[in-house]
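Asks: Sequence below, structure please.
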Amino acid sequence: MGENQMSVTEFILLGFCLGPRMQLLLFGIFSLFYAFTLLGNGAILGSIFLDPRLHTPMYFFLSHLAIVDIAYACNTVPQMLVNLLSPTTPISFAGCITQTFLFLTFALTECLLLVVMSYDRYVAVCHPLRYSAIVSWRLCITLAITSWSCGSLLALVHVSLILRLPFCGPHEINHFFCEILSVLKLVCADTKLNHVVIFAASVFMLVGPLCLVLVSYTCILFAILRIQSGEGRRKAFSTCSSHLCVVGLFFGSAIVMYMGPKSSHPEEQQKILFLFYSIFNPMLNPLIYSLRNAEVKGALWRELCKESHSRLG
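Replies: This next block holds a predicted model:
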């Protein structure tokens, strides 16, 4: 590791290879998206924290998803905005590796949280009478801690495998953040083991969880079709469809990126795909959950009304 740092002490993130005017335009657009991401997820977190009616397992897991989305954005977007204004601004070796570790941690944690949320919806729809007994607060806390721990440990494995390799130039990363595949392109040694571990982790953390989610929602679909009440069926569809939108956006882009043929994804196209993780997914998640979830909309409206009444008073 010392040899690595002596050879390369910093990297340059090339970002988007565009003209100054286009980069300034992107800076403005991405700054707005970043603000919406923080405000949207912050509003969901605030609503869940302040409204006792949302102190349920489903919203407990949703609050963790909001935290992951905020962390995603804060890990990658500020550096990207700096690079859009000043393309030659370097990032230190330690800063780059830390960014890689955090990105992997949040991505892997979100995979597991989406599986946990699908299990929660499965129990709620398919076993409503036993829901409180099965999905206890003890189980919720255990599942949340397990998701974060597994995500961190697997990210640590990837980073440890990177740190054993020599970096001897060039020091330019053709990306807007220190994405693991782009970082590995700068290694002047055999990275076959790293790529095998990345592919194995993709199968274990993407294909496996996606299959579990699809099984859960297949069972949920059949259970919803058996609901006699039209209102009950509508409410179940509304809650579950919002979760499926998030699952589709997240797993779809991840599988294309890490498991698709590399030759079919030029580097500029890869950057666009990774924008889904850094900006679009974190920004869309609160919109999906708030617009398609009456309880979240109600909580937001009650807090806004409460705030306006307190100011008038």
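Asks: Strands of the stretch 1-150 of the chain, start to end?
Replies: With DSSP state E, counting those that start in this stretch as the criterion, the stretch 1-150 of the chain has strands at 10-13, 90-92.
Asks: how about those, which one is nearest residue 287?
Replies: Minimum separation from residue 287 across the strands of the stretch 1-150 of the chain (C-beta to C-beta) falls at strand 10-13, 28.4 Å. Using the backbone N, CA and C atoms, a C-beta is placed for each residue, glycine as well.
Asks: I'd like the average pLDDT over the closest one.
Replies: Averaged across strand 10-13, pLDDT comes to 88.
Asks: and if you look at stretch 55-70?
Replies: Confidence over stretch 55-70, taken as the mean pLDDT, stands at 92.
Asks: what's next to it, contact-wise?
Replies: Residues outside stretch 55-70 that contact it (C-beta atoms under 8 Å, 6 or more residues apart in numbering) are 37-38, 41-42, 44-45, 48-49, 106, 109-110, 113-114, 116-117, 120-121, 124, 135, 137, 140, 143-144, 147-148, 239, 246, 281-282, 285-286, 289, 295-296.
Asks: How about stretch 27-42?
Replies: The set of residues external to stretch 27-42 that reach it, using C-beta under 8 Å, 6+ apart, is 66-67, 69-70, 73, 77-78, 80-81, 84-85, 279-280, 282-283, 285-287, 290.
Asks: how does it look with 10 Å?
Replies: Where contact means C-beta atoms under 10 Å, 6 or more residues apart in numbering, the residues beyond stretch 27-42 that reach it are 16, 63, 65-74, 76-78, 80-85, 176, 275, 278-290.
Asks: isn't residue 9 right up against residue 93?
Replies: Yes. Using C-beta atoms under 10 Å, residue 9 is in contact with residue 93, at 5.5 Å.
Asks: What about the contacts of stretch 55-70, which are in helices?
Replies: Taking DSSP state H as the definition of helices, the contacts of stretch 55-70 contribute 37-38, 41-42, 44-45, 48-49, 106, 109-110, 113-114, 116-117, 120-121, 124, 137, 140, 143-144, 147-148, 239, 246, 281-282, 285-286, 289, 295-296.
Asks: could you redo the strands of the stretch 1-150 of the chain as TSV and give each row mean neighbour count and distance to residue 167?
Replies: Putting those into TSV (neighbours: other C-beta atoms under 10 Å; distance: least, C-beta to C-beta, whole Å) gives the following:
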stretch	mean neighbour count	distance to residue 167
strand 10-13	19	9
strand 90-92	16	12
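Asks: mind checking which of those strands is nearest residue 200?
Replies: Between residue 200 and these, the tightest spacing by C-beta to C-beta is seen for strand 10-13, at 26.4 Å.
Asks: what packs against that closest one?
Replies: Packed against strand 10-13, as judged by 3 or more C-beta pairs under 10 Å, 6 or more residues apart in numbering; DSSP states H and E, are the following elements: helix 57-85, strand 90-92, helix 93-126, strand 172-173, helix 180-184.
Asks: do that again at 6 Å, thanks
Replies: Counting by 3 or more C-beta pairs under 6 Å, 6 or more residues apart in numbering; DSSP states H and E, the packing neighbours recorded for strand 10-13 are strand 90-92, strand 172-173.
Asks: Kindly reformat those strands as JSON lines containing mean pLDDT and distance to residue 198.
Replies: As requested, the helices and strands packed on strand 10-13 are arranged in JSON lines below (pLDDT from 0 to 100; distance: least, C-beta to C-beta, whole Å):
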{"stretch": "strand 90-92", "mean pLDDT": "90", "distance to residue 198": "21"}
{"stretch": "strand 172-173", "mean pLDDT": "86", "distance to residue 198": "17"}
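Asks: May I see those organised as a markdown table, with distance to residue 183 added?
Replies: Formatted as a markdown table, the helices and strands packed on strand 10-13 follow (distance: least, C-beta to C-beta, whole Å):
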| stretch | distance to residue 183 |
| --- | --- |
| strand 90-92 | 11 |
| strand 172-173 | 6 |
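Asks: Out of the ones you listed, the one nearest residue 158 is which?
Replies: Closest approach to residue 158 among the helices and strands packed on strand 10-13 is made by strand 172-173 (16.1 Å; C-beta to C-beta).
Asks: Neighbouring strands of the closest one in the sheet, and parallel or not?
Replies: Strand pairing for strand 172-173, using DSSP bridges, gives strand 10-13 (parallel).
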